[in-house]
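Q: got a predicted model here, sequence first, then my questions.
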Amino acid sequence: MRQDLPEIRTALPGPKAARIVARDQAVLSPSYTRSYPLVAERGEGALIYDVDGNRFLDCNAGIAVVATGHCHPQVVRAIQEQAARLVHMSGTDFYYENMVSLAEKLASLAPGGGLRRVYFGNSGTEAIEAALKLSRYHTGRDKFIAFLGGFHGRTMGSLSLTGSKYVQRAKFSPLMPGVTHIPYANCYRCAYGKQPETCGVECVKVLEESLFKTILPAEEVAAIVVEPVQGEGGYVVPPQKFFDELTAVAQRHGILLVFDEVQSGMGRTGKMWAAEHFHMSPDILAAAKGIASGLPLGAIIARAEIMSWKPGSHASTFGGNPVSCAASLATIELLERELLDNATRVGEHLRARMADWTARFPCVGQVRGLGLMIGIEIVRDQSTRERAKDWRDQIERMCFERGVLVLGAGENTIRLSPPLVLTKDQADYLADTLEECLAAIAKR
Ligand code: PLP
């Protein structure tokens, strides 16, 4: 029996899992969205063992978080050693070296080079809040441009940018005023009805040709906040010209470019930042999720001249705590040493396996992605591109029953965001399992 592949020993959920799920349902917030009853007990690399001894191949990585795999020994050692020395001090008021070392490292990794400064929070949403506040502080402007389908978090500021799902915003108004959403460069579903050959980047041109002339004075816009690869929106990869046009508009109007790399960053796309695929150098870059292999940490990395706010203007008690910083330094070392390469290599292998899926499976509308950030869009009919959310959900469930953990993103996309330690054999197992499920859907 292969120890690196799934093994399902019980009906799912198993008896222990079922009991824990029942207890959970009685006491935890019903706002969480659980797709299937996985009750995790321990993890190792790309594998998760549940409480009944079933072994799963994890292609979610705790929602793109455990970049180095579950419990990588080097990360665990760094956490243990740091926890035995100093757990908390509060970098808002005191100094400790590994917070400085991590900031130096992140500043040196910022795409495009130049002097950078780093601010630490604890999560993606906090990184976005910091980016919003810094953008306003630096520009003296109050408005923002964001994208439909984008996800930036759920606190009031970041939620105002989030344009992903109705349920995330309903009943939470009033949100932060001054955010204008425009269509994202989703070329499979172009909001302007264009094909890649006829595209004139209308999704960005709408700013100067329409919005800036009518309802949104450009000189009041602090920043454009964009995911370089849309994550929760369905793992959508825009074309290069989208970024070229965005840069040109931002420069013409003195608007900052904020890249939300909370999901796409930290090696997920095979490069440290997705921005690098598009030769972009954002003014502010937000990172979280994969940054510390599972410990809570978020950061913004900004051009040094932009991050010029006064002492006291922004801080967070736990932000950049010593244990998270230690985990992050170990994570980055592993990414640079081997995992960026592995993400590129195994990602290419997976996408090569999927290259003929639109021809073989009528329910596959598109396969897209970079590195190990891969989306498979499920449609009722390839010609109408009608979204097949129910089929996507069924595939998710079928994969679970076969020991493979995948989740959805967007309305009808299967998202693959496995740990970056995924091996070629595990990638093949994932592809085989998905093929089996897609074939089953085709027979319905
Ligand atoms: N930004 C992006 C692109 C995300 O994908 C997420 C979470 O999914 C967030 C921000 C919010 O991060 P967090 O859940 O850590 O607050």
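A: Perfect, I can see it now. Since this is a predicted model, take the numbers as computed values, not measurements.

Q: for the protein, which helix is longest?
A: helix 424-443 (DSSP state H).

Q: distance from the chain centre to that helix, please.
A: 23 Å (Cα atoms, centre = their mean, to the nearest Å).

Q: what does it contact?
A: With contact meaning Cβ atoms under 8 Å, 6 or more residues apart in numbering, helix 424-443 is reached by 2, 4-6, 46, 57, 59, 345-346, 349-350, 353-354, 357, 360-364, 376, 378, 391, 394-395, 398-399, 402-404, 406, 414, 416, 418, 422. Bear in mind the C-beta positions are built from the backbone N, C-alpha and C, glycine included.

Q: just the helices in the stretch 251-400 of the chain please.
A: 322-334, 340-353, 357-360, 389-401 (DSSP state H, counting those that start in this stretch).

Q: C-alpha coordinates for the host helix or strand of residue 17, CSV please?
A: According to DSSP states H and E, residue 17 maps onto helix 15-27. The C-alpha coordinates for helix 15-27 follow below in CSV (Å, rounded to 0.1, in the frame of the first residue of the first chain):
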residue,chain,number,x,y,z
PRO,A,15,-17.9,7.3,13.3
LYS,A,16,-15.5,9.6,15.1
ALA,A,17,-15.8,12.3,12.4
ALA,A,18,-19.6,12.2,12.5
ARG,A,19,-19.6,12.7,16.2
ILE,A,20,-17.3,15.8,16.0
VAL,A,21,-19.3,17.2,13.1
ALA,A,22,-22.5,17.0,15.3
ARG,A,23,-20.7,18.7,18.2
ASP,A,24,-19.4,21.4,15.8
GLN,A,25,-22.9,22.0,14.4
ALA,A,26,-24.2,22.7,17.9
VAL,A,27,-21.7,25.2,19.0
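
Q: excluding its backbone neighbours, what's nearest residue 423?
A: Using Cβ to Cβ, 6 or more residues apart in numbering and skipping the chain neighbours, the partner closest in space to residue 423 is residue 4 (6.7 Å).

Q: could you grab the helix/strand/coil label for that neighbour?
A: Look at residue 4: counting by DSSP: H, G, I helix; E, B strand; the rest coil, its state is coil.

Q: near it, how many other residues are there?
A: 14 (other Cβ atoms under 10 Å).

Q: identify the residues contacting it.
A: For residue 4, the contacting residues are 45, 47, 423, 425-426, by Cβ under 8 Å, 6+ apart.

Q: closest one to residue 332 out of the residues you listed, please.
A: residue 45 (18.5 Å; Cβ to Cβ).

Q: who are the packing partners of the helix or strand where residue 144 lies?
A: Here residue 144 sits within strand 143-147, counting by DSSP H and E. Counting contacts by 3 or more Cβ pairs under 8 Å, 6 or more residues apart in numbering; DSSP states H and E, strand 143-147 packs against helix 156-161, strand 179-182, strand 221-226.

Q: any idea how far stretch 18-38 is from the chain center?
A: Worked out by Cα atoms, centre = their mean, stretch 18-38 lies 23 Å from the chain centre.

Q: now it: buried residues?
A: Residues 18, 37-38 are the ones in stretch 18-38 that count as buried (16 or more other Cβ atoms under 10 Å).

Q: show me which of these is closest to the ligand.
A: Closest to the ligand out of the buried residues of stretch 18-38 is residue 38 (18.4 Å), distances taken as Cβ to the nearest ligand atom.

Q: residues in contact with that closest one?
A: When contacts are counted by Cβ under 8 Å, 6+ apart, residue 38 touches 13, 17, 48, 50, 56, 400, 405.

Q: enumerate every residue touching the first one.
A: Which is residue 13. With Cβ under 8 Å, 6+ apart, residue 13 has these contacts: 21, 37-39, 50, 52.

Q: rerun that using 10 Å as the cut-off
A: By Cβ atoms under 10 Å, 6 or more residues apart in numbering, residue 13 lies in contact with 19-22, 36-39, 50-52, 54, 400.

Q: buried residues, stretch 329-346. List them.
A: Buried residues in stretch 329-346, counted by 16+ other Cβ under 10 Å: 329-335, 339-340, 342-344, 346.
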